[in-house]
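Enquirer: curious how this folds, go ahead:
(chains A, B, C and D)
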Protein chains: 4
Amino acid sequence: MQRVELYRFPTSGPEDVSGLAALVERGTVDPASIICLLGKTEGNGCVNDFSRGYATAAYTRFLASVLGARDDEIARRVLFIMSGGTEGVMTPHMSVFARRAVPERPGGAKRLAAGIAHTRPLRSEELGTAAQVQTVADSVRAAMAEAGIAGAADVHFVQIKCPLLTAEAIAGARARGEVVVTSSTYASMGYSRGAAALGVALALGEVAAAEVTDAAIGRRWDLYSRVASTSAGVELDNCEVLVLGNAATASDLVIGHDVMADAIDAAAVRRALAAAGCQPDAADLGQRVAGVYAKAEADPSGRIRGRRHTMIDDSDINHTRHARAAVSAVIASIVGDPMVYVSGGAEHQGPSGGGPVAAIVHTG
Amino acid sequence: MQRVELYRFPTSGPEDVSGLAALVERGTVDPASIICLLGKTEGNGCVNDFSRGYATAAYTRFLASVLGARDDEIARRVLFIMSGGTEGVMTPHMSVFARRAVPERPGGAKRLAAGIAHTRPLRSEELGTAAQVQTVADSVRAAMAEAGIAGAADVHFVQIKCPLLTAEAIAGARARGEVVVTSSTYASMGYSRGAAALGVALALGEVAAAEVTDAAIGRRWDLYSRVASTSAGVELDNCEVLVLGNAATASDLVIGHDVMADAIDAAAVRRALAAAGCQPDAADLGQRVAGVYAKAEADPSGRIRGRRHTMIDDSDINHTRHARAAVSAVIASIVGDPMVYVSGGAEHQGPSGGGPVAAIVHTG
Amino acid sequence: MQRVELYRFPTSGPEDVSGLAALVERGTVDPASIICLLGKTEGNGCVNDFSRGYATAAYTRFLASVLGARDDEIARRVLFIMSGGTEGVMTPHMSVFARRAVPERPGGAKRLAAGIAHTRPLRSEELGTAAQVQTVADSVRAAMAEAGIAGAADVHFVQIKCPLLTAEAIAGARARGEVVVTSSTYASMGYSRGAAALGVALALGEVAAAEVTDAAIGRRWDLYSRVASTSAGVELDNCEVLVLGNAATASDLVIGHDVMADAIDAAAVRRALAAAGCQPDAADLGQRVAGVYAKAEADPSGRIRGRRHTMIDDSDINHTRHARAAVSAVIASIVGDPMVYVSGGAEHQGPSGGGPVAAIVHTG
Amino acid sequence: MQRVELYRFPTSGPEDVSGLAALVERGTVDPASIICLLGKTEGNGCVNDFSRGYATAAYTRFLASVLGARDDEIARRVLFIMSGGTEGVMTPHMSVFARRAVPERPGGAKRLAAGIAHTRPLRSEELGTAAQVQTVADSVRAAMAEAGIAGAADVHFVQIKCPLLTAEAIAGARARGEVVVTSSTYASMGYSRGAAALGVALALGEVAAAEVTDAAIGRRWDLYSRVASTSAGVELDNCEVLVLGNAATASDLVIGHDVMADAIDAAAVRRALAAAGCQPDAADLGQRVAGVYAKAEADPSGRIRGRRHTMIDDSDINHTRHARAAVSAVIASIVGDPMVYVSGGAEHQGPSGGGPVAAIVHTG
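Expert: Residues are numbered from 1 along each chain as shown, chains lettered A, B, ... in the order given. Next up, the predicted model:
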């Protein structure tokens, strides 16, 4: 029977693998059981954020070393998702998801299950289009099946790492006579995140297939997934998918989620904790919470609860950085811990200006 | 009998005086009764933030125009305190404090009282030293007396605008053979804020006179005021002081305060609301809250609740900007409104890494 | 007979009018003769750059005061063009163009002539379209006529200030059912600059009317003006045009121009000086040069002379800021003075990656 | 007889080793002959610049792989100096210095020689003090001897990588009861660079031993080296020294240098080229120049040739970034190639506001 475990530890820099090394040395984590590393690294989270690639390289190297494998073998078998940007109070940290087979656990409530999948490489001209949506949807369904999750209602968080367009990629596509969705590398991150999120929504029946056209991506903000969390990075050319949900597993963890309507929606964070079985005012909240994962964005309307914000018009700090700083502080103030995962750019991830939030909690 | 009123309105830019113009045109505010304009403007809040000076110029001009006065007369009679930086969800806005004499209000609980004072101009070599502390302390006492506030226990927020050292000022002081506290314009903002805050602490008996030496400023973080909020700006050469507290007045407002121990101390925000007579979970919270005012800083230890943060080592975004984004989001998530006043750089304002928070609330 | 004069002075901040005040007090400049103030102000030159508006307000106020006029009268009669961004070595400064009638100067070579014009207000949906191109072209022709410049060959610099789309303007247009050229405020600055530049090109016969379609703006980089310099700002809703050229005037100045092929094209700067009659290696170069005006942009190909640059992929510093820093240093190193005017964002202003450069020189 | 070779290639990112891989594969470079990798990487060049460590890790890994050695063996035998920050036109690139023994070259002029040395690890309390100066001076002399350079007059560039103080190091030193030179990690970079540069100056007789006191470091800007180039990085605890000069070698390269008096001193760049035997206006300049290396800083006086600059007061962009953008553009405009090495922070490296510039040129 499947058992999924989650270990988290702070890092002192993108290349700091000491937390994982300690877990492996102590025998707490079998490195061969690791299926996903989901990190918050301390770059700017935008185009020229090398902290993501640096962390990926360091952890790949570490796992290759302890497992006696080549780097490329590790890259094929473990999902590395590094989300850049630890603005405000957010602590750079790593979440390690491990999965192994254990003896059957007798009956009872559903517990944390996890599945992973990779899409094929995307061509530059496919990025941010319905083609990306379709291939992501296929992979989400594959990951659900792999996780043994019965249906969409049991899926609570789908984390995807997706590519972006570099200046070179744009030039290359044009040289081949192809059209790309945008000529801005920064803007391409939003298109890629949005298309990936609609892929989740499509797989889970949150949107109708007919609605997911090229034209809808980045425009029809009423179309969204309530559980998608997508991050764009320069270091890959396909999409990597982690599906988290509850199923008949032997895990000691449960996941729940809710949707923040806007960046200051503390009530939604509380509901997500409760959905995972933990009352937000519980005295042992700190012990119970194994991890909180959320998406953030600057409300594109320029307003939050009718009030103007300046995140979008700030030419010194990208709006994704403002949004991460705000939402991570709200969540940290509720769980009492700044080691939370908040990723920026919530296009088609939750309603416009808001985003999904999931809590993974130790069973009582 | 004194009656203090508080009006707040969002602005669409530093120069946007339309909110005040509407209040004056409707007869809601008598421009002659205005004693202080306390604004959040949308610059970077650091050295080259021109949004503060621009707002001050625009509001000075407006008041001069409606009052038939010269600009310099307005500058002498109204306290303009513009705090730059509306990171994250924070809404650029203006708080207008007006004070007028009204018929006696019969007995009852203490209500909002306000007093203002100006220090003499500070020489560059005095900035950030015990000399600044002393002159601020004198002005705080003068403002308390003017407000009719009986004692330190009734003071709940002291807002001060203080100068900084420009490159020209530093060069000028050195040309005169004087020593300045720092050769960094950015660092000088912290020294000036810190010395002003210790001036408040000295006036209110929060620190002993013997402790407030040159060497303590910017180093002895155990010395602080629980009610000081100080902002540095390039546009003035003296300190301007606004003392807010409760006294026998005819105001319909009450002020309370508490101290955030760190940037995610939501409980302190709740206590500040309660201290002003408003339960934080009240259904009519939105109507009751007239304004929330707080200070924020990146914990200089590099840690919050034992977790590492990256605000101090970020060479792209100044730590004051990170801190404002975080704390304003926490407060906004509690009061349900992003129009909150959070000012960065809390040197000697609350404990290290934390800061004072005050709530002004309409009486029931 | 027309005589155009140019006075330049450094400023200590956006609001610093002391340089102009001194010129007026000494009687050097008759304030009534001023037709244009062209400034480099020290903001970020992007969307939230308030240094431009602040400077405009301060100079408007000053001129209104010395001329005994209302602010709006000054705004109608003087062209205020503030270009934000003084990165690298560039000195914040103001160029004051004055024009007055003097007795006929007998024959001889053509000398500096200047004309100004304003377009009608542009609707948000017109910004960045062929409609903007047309209205700018009309105004360029009007300004040429006013300047007495005979033909396109005698036009050497056309400076235009044009509007941008704010978040509010975009929302407003959409509420009216209109389509805007981009939903990004930052991107709208490029569209507006590009359309204005093509307006210059159209007026001067540098492009054919049939080529200037909506689709060409921001895409057909082979269409450009060799003399256009356009800056976008939040503080206006129409375009303001200053045409500089040589004609039969009584000026003591001559203007020449050339086109930088890329950001490090020092030879073009030298040719522009020579075109204005001043050899770039002249011993009295410093005395001869009255002002240098240029446009800069990060080469959108991502390469300069075949080498990669990182300006476009830098998510911490906007590429316009990088480009201004580079080009201003190149020009300053040739003229031996950092007080040069370099404005960012050279869409359709010179070839892709390059930009026009004009020199105004005192006659021998 | 010693022969020193220099290979340069652009990189597509910090981790891009393809340029070196191609040189090794083609047999152009024997990896065992490499003594130093001197890179410009595309981070912010300040505290949180991970591009330096990422590049070092990638190149270490590559060399370990092709040489069949362990990473730590490579780190001991090759000097990795990564300077962050490619602002403006500057191309991220790597300079590879290789040195091998070849048959005697008969007589003739002096040619490029290179020597390397490492200091002992520095204690945190030694950083930025006379102790660092002394140990660096010893290593410079050792590297000169190793290079076979006869005297100070034949030394033309000394590149040093030096440590900085992290928050942890500062805390550690204080826990041991030691005093550190600054409590700011960012400021510590300047102290370390300055002390290392004075170490060069001391070794070369550019300053007198008695003058190099703790108090002089970071204050006596009249004390400086004309050939030192120092960079601080978080990834080492000692100083690594590369001395470049001319001696009796079999190299096909010659090095020359000069000192830029300020950021726009184009004449000094020309003199450095000429000193290396290449006329700056030579038609084959592009072929002749093998590499240009310079230091840049924002003039701490706030002025360049009497004109104000805004680099120091810019709270959005660190002044080192502005300075690199400016100086690299000036040099690129002269050599006609943006692939130049300009490093920021020129404390005690050239006169205040200026810095050394060295050219390595192929012999005719």
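
Enquirer: can we go C-alpha only for contacts and neighbour counts from here?
Expert: OK.

Enquirer: hey, where'd the strands end up in the stretch 101-250 of chain A?
Expert: Using DSSP state E, counting those that start in this stretch, the strands of the stretch 101-250 of chain A run over residues A:111-118, A:155-162, A:228-232, A:240-247.

Enquirer: quick one: which of those is nearest chain D?
Expert: Between chain D and those, the shortest separation by C-alpha to the nearest C-alpha is 17.0 Å, and it involves strand A:228-232.

Enquirer: and the closest one, what other elements does it pack with?
Expert: On a contact count with 3 or more C-alpha pairs under 8 Å, 6 or more residues apart in numbering or on different chains; DSSP states H and E, strand A:228-232 meets strand A:155-162, helix A:185-203, strand A:341-344.

Enquirer: out of the ones you listed, which is closest to residue D:113?
Expert: Nearest of those to residue D:113, taken as C-alpha to C-alpha: helix A:185-203 at 43.2 Å.

Enquirer: on that earlier part again, with mean neighbour count and mean pLDDT added, can I get the strands of the stretch 101-250 of chain A in TSV?
Expert: Output for these, formatted as TSV (neighbours: other C-alpha atoms under 10 Å in any protein chain shown; pLDDT from 0 to 100):
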stretch	mean neighbour count	mean pLDDT
strand A:111-118	26	96
strand A:155-162	26	96
strand A:228-232	32	94
strand A:240-247	27	97
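
Enquirer: residue contacts, residue A:244?
Expert: Residues near residue A:244 by C-alpha atoms under 8 Å, 6 or more residues apart in numbering or on different chains: A:112-115, A:155-158, A:255.

Enquirer: farthest pair in those?
Expert: Going by C-alpha to C-alpha, the pair spanning these furthest: A:115 and A:255, at 13.9 Å.

Enquirer: correct me, but residue A:203 touches residue A:141?
Expert: Yes: contact criterion C-alpha atoms under 8 Å: residue A:203 and residue A:141 qualify, at 6.2 Å.

Enquirer: check contacts around the residue in the stretch 101-250 of chain A that chain B sits nearest to.
Expert: Here the residue of the stretch 101-250 of chain A nearest chain B is residue A:186; by C-alpha to the nearest C-alpha that distance is 17.2 Å. Counting by C-alpha under 8 Å, 6+ apart, residue A:186 touches A:46-47, C:313, C:315.

Enquirer: state the pLDDT value of it.
Expert: Looking at residue A:186, its pLDDT stands at 82.

Enquirer: any idea how far the nearest residue to residue A:119 once chain neighbours are set aside lies from chain D?
Expert: When the adjacent residues along the chain are set aside, residue A:119 lies closest to residue A:239, with 5.2 Å between them (C-alpha to C-alpha, 6 or more residues apart in numbering or on different chains). Taking C-alpha to the nearest C-alpha, to the nearest Å as the measure, residue A:239 falls 21 Å from chain D.

Enquirer: and for residue A:221?
Expert: Going from residue A:221 to chain D by C-alpha to the nearest C-alpha gives 32 Å.

Enquirer: please apply the same query to residue A:173.
Expert: If you go by C-alpha to the nearest C-alpha, the gap between residue A:173 and chain D works out to 18 Å.

Enquirer: same question for residue A:21.
Expert: Distance, residue A:21 to chain D, using C-alpha to the nearest C-alpha: 18 Å.

Enquirer: report the secondary structure state of that residue.
Expert: What DSSP: H, G, I helix; E, B strand; the rest coil gives for residue A:21 is helix.

Enquirer: rewinding a little: turn the contacts of residue A:186 into TSV, including secondary structure.
Expert: Shown next, in TSV, are these (three-state DSSP):
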residue	secondary structure
A:46	coil
A:47	coil
C:313	coil
C:315	coil
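
Enquirer: what lines up beside the strand or helix carrying residue A:255 in the sheet?
Expert: Residue A:255 belongs to strand A:253-260 when assigned by DSSP states H and E. Partner strands for strand A:253-260, per DSSP bridges, with pairing direction: strand A:355-362 (antiparallel).

Enquirer: which outside residues touch the partner strand?
Expert: A:156-157, A:226-229, A:252-262, A:268-269, A:272-273, A:276-278, A:288-297, A:346, A:349-350.

Enquirer: run the last query once more with 7 Å
Expert: Residues outside strand A:355-362 that contact it (C-alpha atoms under 7 Å, 6 or more residues apart in numbering or on different chains): A:156-157, A:226-228, A:252-261, A:269, A:272-273, A:276, A:278, A:288-296, A:346, A:349-350.

Enquirer: and the closest residue to chain B within the stretch 151-300 of chain A, what does it touch?
Expert: Per C-alpha to the nearest C-alpha, residue A:264 is where the stretch 151-300 of chain A lies closest to chain B, at 4.5 Å. By C-alpha under 7 Å, 6+ apart, the residues touching residue A:264 are A:327, A:330, B:329, B:332-333.

Enquirer: residue B:99: which of these is nearest?
Expert: For the contacts of residue A:264, the residue nearest residue B:99 by C-alpha to C-alpha is residue B:332; the value is 27.4 Å.

Enquirer: contacts only, for the nearest residue to that closest one once chain neighbours are set aside.
Expert: Spatial nearest neighbour of residue B:332, excluding adjacent residues (C-alpha to C-alpha, 6+ apart): residue B:338 at 4.8 Å. With contacts defined as C-alpha under 7 Å, 6+ apart, the neighbours of residue B:338 are A:307, B:89-91, B:332.

Enquirer: likewise for residue A:268?
Expert: A:258-260.

Enquirer: next, the angle from the helix or strand that it is a member of to strand A:155-162.
Expert: Per DSSP H and E, residue A:268 falls inside helix A:266-275. Angle between the axes of helix A:266-275 and strand A:155-162 is 110 degrees (criterion: axes from the mean of the first three to the mean of the last three C-alpha atoms, to 10 degrees).

Enquirer: following helix A:266-275, which helix or strand comes up?
Expert: Per DSSP H and E, the helix or strand that comes after helix A:266-275 is helix A:285-288.

Enquirer: so for that following helix, mean pLDDT?
Expert: 94.

Enquirer: same question for stretch A:323-330.
Expert: Mean per-residue pLDDT for stretch A:323-330: 98.

Enquirer: so it, near chain B or not?
Expert: Yes: contact of stretch A:323-330 with chain B is found when judged by C-alpha under 7 Å from any C-alpha of the partner chain, involving A:323, A:325-326, A:329-330.
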